[in-house]
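K.L.:
With the sequence up front, the predicted model follows.
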Amino acid sequence: MRNCGLLTAGSALGGFSIDALAAPAAGAAAGIDYAPLTGIKYPIRTLDALTDKQISYVVVGAGNRGNVYARYAEMFPDKAKVVGVSDINDFRLKRMSDKHGVPAERRFGDYHEIMAAPKMADAMVISLPDGLHYEACMLALAKGYHVLLEKPIAQTEKECRAILAQSKKYNRIVAVCHVLRYAPYFIALREVIRQGIIGDVVSIQHMEPIEATHMAHSYVRGNWHDSKATTPIILAKSCHDLDIIRWLLDKPCKRVAAEGSLYYFKKENAPEGATLRCTDGCPHEATCPFSAITEYARKKNRLNVLDYDKSTPYETIVEKLKTSDYGRCVFHCDNDQPDHYVSTLEFEDGVTASFSMEAFVPWGGRRTRIMGTKGYIEGDMRQFVVTDFLNRKGRIWNMKVAEVPEYKGAGHGGGDLALFRDFVEAVAFEDPKRLTSNIEASVESHIMGFMCEKSRLSNKKVAVKV
Ligand SMILES: NC(=O)c1ccc[n+]([C@@H]2O[C@H](COP(=O)([O-])OP(=O)(O)OC[C@H]3O[C@@H](n4cnc5c(N)ncnc54)[C@H](O)[C@@H]3O)[C@@H](O)[C@H]2O)c1
């Protein structure tokens, strides 16, 4: 078994190392001394599951996320094996099935086909579009599969609760892909809070910068542009953030209030003469920061949605953009997701949090400030700094997890594959406690999201009842 020990900051154990210190400018100006944050044991592990059993799983939805979770079986073939695949896209179905040696009789199109077939594995990964999660998960549980369910759990609070009830009825595990809980950065942040290093947490400010071209790609042109066909953006994009705030505070949320709207990506903001597609000879194409030709054909970004890669010729991509949703002008899409969304959350004991989801930022990730009675933490998902009010010392955590070969390329700060490792263990031992993003905790933070949306639409504070 490789590298399964817990890691201590300041050590290079298991290949983890501490970066050169980057002291925050505001703190340095205030005369605060900075040093590495050492002496704390974090429950951070490498990616090999601690089990001698190999679990089998089927992947339902062999797109972007399905491939993330299938990758675990490629990395650790003695721990997990993909034995069946379902996807209505023949190219994706074949690509994943061929890679994992899935025989013809276990390759399925629409997910109803695999649900109708005899149970063929320990677990099912459901990485279908949002609107299909509910029915697929209910069927999978009734069939006896443990489930790794992509977020959002379902499109309504009622459906989320029904999945929770179904998991209890059939005594099956449902792991929800709240991957940030498994990212070493957030695990370390939570551990510092749990050890009382900044006293009682009184308040949190958390921001999710979506990054402007990601907003245009996913929530204006792409899969999640329509809140009714998928889920409101506070769930589709930010259920992770509500969940992580709840997890860091370790207290129930009592009330929420939210504001936000779609400010920019709509018809009335189209520059004069803008065409319906970037490929229609739009006079603004060369100067538009959201040009589809620039994003997909020139820069060759995000091409997995078109089933292309960086080797695909420019001309082929431009031709595809003439008919694909991804070639549409960002001011002429049928989108309704807000591009800015601010929520305030009140937790037990009067503890508060504010959360901002922002489209108009040039980078992604998360930014978090945590105010405690004895100290303060500020982090940007790369590093966080813990500053003590008494001795005015700042201590910096910036473990370079991304440089560990196993974690390299793993999305969400390493959380994607660490979640899958815990899922493998949970299934192998039939023990849901090995997961932190179990269905109970995830339904709770989803309800916070549904209530934020209710507040935004009704202009009222809304109670959160779990
Ligand atoms: N945890 C995260 O951080 C995270 C990140 C991105 C997306 N997601 C979620 O993961 C899910 C999948 O997103 P994605 O980006 O992989 O999308 P995707 O479009 O790349 O993949 C979905 C796949 O489902 C297939 N499909 C659609 N209808 C089907 C049907 N009836 N039967 C079988 N297959 C069908 C599609 O052909 C596609 O290949 C979504 O719910 C999304 O919200 C989660």
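P.N.:
Perfect, I can see it now. What you see is a predicted model, and the numbers here were worked out from it, not measured in a lab. Numbers count the residues shown, from 1 in each chain.
K.L.:
For the stretch 51-200 of the chain, what lies in contact range of the ligand?
P.N.:
Those residues of the stretch 51-200 of the chain that sit near the ligand, judged by C-beta under 6 Å from any ligand atom, are 61-66, 86-89, 92, 110-111, 127-130, 132, 150-151, 177, 179. Bear in mind the C-beta positions are built from the backbone N, C-alpha and C, glycine included.
K.L.:
In space, what's closest to the residue in the stretch 1-150 of the chain that the ligand sits nearest to - neighbours in sequence excluded?
P.N.:
In the stretch 1-150 of the chain, no residue comes nearer to the ligand than Gly63, which is 2.0 Å away by C-beta to the nearest ligand atom. Closest residue in space to Gly63, ignoring its immediate chain neighbours: Arg92 at 6.1 Å, by C-beta to C-beta, 6 or more residues apart in numbering.
K.L.:
just Phe331 next, same as before
P.N.:
Ala270 (3.5 Å).
K.L.:
Contact partners for that neighbour?
P.N.:
329, 331-332 (C-beta atoms under 8 Å, 6 or more residues apart in numbering).
K.L.:
hmm, try it at 10 Å
P.N.:
Ala270 sits next to 276, 282, 284, 329-332 when contact means C-beta atoms under 10 Å, 6 or more residues apart in numbering.
K.L.:
Looking at those residues, spot the one nearest Ala142.
P.N.:
Val330 (41.8 Å; C-beta to C-beta).
K.L.:
Next one: the closest residue to the closest one other than its chain neighbours relative to the ligand, how far apart?
P.N.:
Among residues not flanking Val330 along the chain, Phe290 sits closest, at 4.4 Å (C-beta to C-beta, 6+ apart). Distance of Phe290 to the ligand, computed by C-beta to the nearest ligand atom, to the nearest Å: 20 Å.
K.L.:
Phe290 is in what secondary structure piece?
P.N.:
Here Phe290, judged by DSSP states H and E, is contained in no helix and no strand.
K.L.:
and the gap between it and Asp280?
P.N.:
Per C-beta to C-beta, to the nearest Å, Phe290 is found 15 Å from Asp280.
K.L.:
about what we covered before: report the separation between the residue nearest to Val330 and Gly31.
P.N.:
Phe290 is 44 Å from Gly31, by C-beta to C-beta.
K.L.:
who's more crowded, these two?
P.N.:
Phe290 (21 against 7; other C-beta atoms under 10 Å).
K.L.:
That one: what's it in contact with?
P.N.:
212-213, 215-217, 220-221, 264-265, 278, 284, 329-331.
K.L.:
How about Gly281?
P.N.:
Thr275.
K.L.:
Could you tell me how far it is located from the ligand?
P.N.:
From Gly281 to the ligand the distance is 30 Å (C-beta to the nearest ligand atom).
K.L.:
Ala188 too?
P.N.:
Relative to the ligand, Ala188 is positioned 20 Å away (C-beta to the nearest ligand atom).
K.L.:
Regarding the closest residue to Met115 other than its chain neighbours, what is its secondary structure?
P.N.:
Nearest residue to Met115 in three dimensions, chain neighbours excluded: Leu139, at 4.3 Å (C-beta to C-beta, 6+ apart). The local conformation at Leu139, judged by DSSP: H, G, I helix; E, B strand; the rest coil, is helix.
K.L.:
domains of the protein?
P.N.:
199-263+335-403+439-463, 267-327 (automatic domain parsing).
K.L.:
Could you identify which of the ones you listed is most buried?
P.N.:
domain 199-263+335-403+439-463 (a mean of 20; mean count of other C-beta atoms under 10 Å).
K.L.:
Could you verify my assumption that Met215 touches Phe360?
P.N.:
Yes. Counting by C-beta atoms under 10 Å, Met215 does reach Phe360; the two are 7.8 Å apart.
K.L.:
Now the common contact residues for the two.
P.N.:
With C-beta under 10 Å, 6+ apart, Met215 and Phe360 have common neighbours 209, 264, 339-340.
K.L.:
with those residues in mind, which one is nearest to Lys300?
P.N.:
Nearest member of these to Lys300, counting by C-beta to C-beta, is Pro209, at 23.0 Å.
K.L.:
Show me where this protein dips below the pLDDT cut-off.
P.N.:
1-23, 402-403 (pLDDT under 70).
K.L.:
Need the contacts of Phe290 in a markdown table (columns: secondary structure).
P.N.:
Conversion of these to a markdown table gives the following (three-state DSSP):
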| residue | secondary structure |
| --- | --- |
| Ala212 | helix |
| Thr213 | helix |
| Met215 | helix |
| Ala216 | helix |
| His217 | helix |
| Val220 | helix |
| Arg221 | helix |
| Tyr264 | coil |
| Phe265 | coil |
| Cys278 | helix |
| His284 | coil |
| Cys329 | coil |
| Val330 | coil |
| Phe331 | coil |
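K.L.:
The residues you listed also near the ligand: which ones?
P.N.:
Near the ligand, by the rule C-beta under 6 Å from any ligand atom, you find none of the contacts of Phe290.
K.L.:
quick one, what contacts Phe450?
P.N.:
Phe450 touches 152, 155-158, 160, 231-232, 234-235, 239, 256, 462, 464, counting by C-beta under 10 Å, 6+ apart.
K.L.:
State the distance from it to Gly372.
P.N.:
In terms of C-beta to C-beta, Phe450 sits 29 Å off from Gly372.
K.L.:
rewinding a little: so which of the residues of the stretch 51-200 of the chain next to the ligand sit within strands?
P.N.:
Ser86 (DSSP state E).
K.L.:
Now, of the residues of the stretch 51-200 of the chain next to the ligand, which are buried?
P.N.:
By neighbour count, with 16 or more other C-beta atoms under 10 Å, these hold 61-63, 65-66, 86-87, 92, 111, 127-128, 130, 132, 150-151, 177, 179 as buried.
K.L.:
right, and Thr213 touches Pro289 too?
P.N.:
Yes. In this structure, Thr213 is within contact of Pro289 by C-beta under 10 Å, at 7.5 Å.
K.L.:
shared neighbours of those two, anything?
P.N.:
With C-beta under 10 Å, 6+ apart, Thr213 and Pro289 have common neighbours 295, 330, 362.
K.L.:
so what's the first one closest to, chain neighbours aside?
P.N.:
The shortest distance from Glu295 to any residue other than its chain neighbours is 5.4 Å, reached at Asn301 (C-beta to C-beta, 6+ apart).
K.L.:
correct me, but the one you found touches Tyr308?
P.N.:
No. Applying C-beta under 10 Å as the test, Asn301 and Tyr308 come out as separate, 11.0 Å apart.
K.L.:
quick revisit: pull up the gap between the residue of the stretch 1-150 of the chain closest to the ligand and Leu306, please.
P.N.:
Shown here: Gly63 relative to Leu306, a distance of 12 Å by C-beta to C-beta.
K.L.:
Pull the distance from stretch 100-109 to the chain's centre.
P.N.:
How far stretch 100-109 lies from its chain's middle: 28 Å, per C-alpha atoms, centre = their mean, to the nearest Å.
K.L.:
Correction: the previous question concerned stretch 47-62.
P.N.:
With C-alpha atoms, centre = their mean, you get 20 Å for stretch 47-62.
K.L.:
for that stretch, which positions count as buried?
P.N.:
Within stretch 47-62, judged by 16+ other C-beta under 10 Å, the buried ones are 47-49, 51, 54-55, 57-62.
K.L.:
List the ones among those residues that fall in strands.
P.N.:
55, 57-60.
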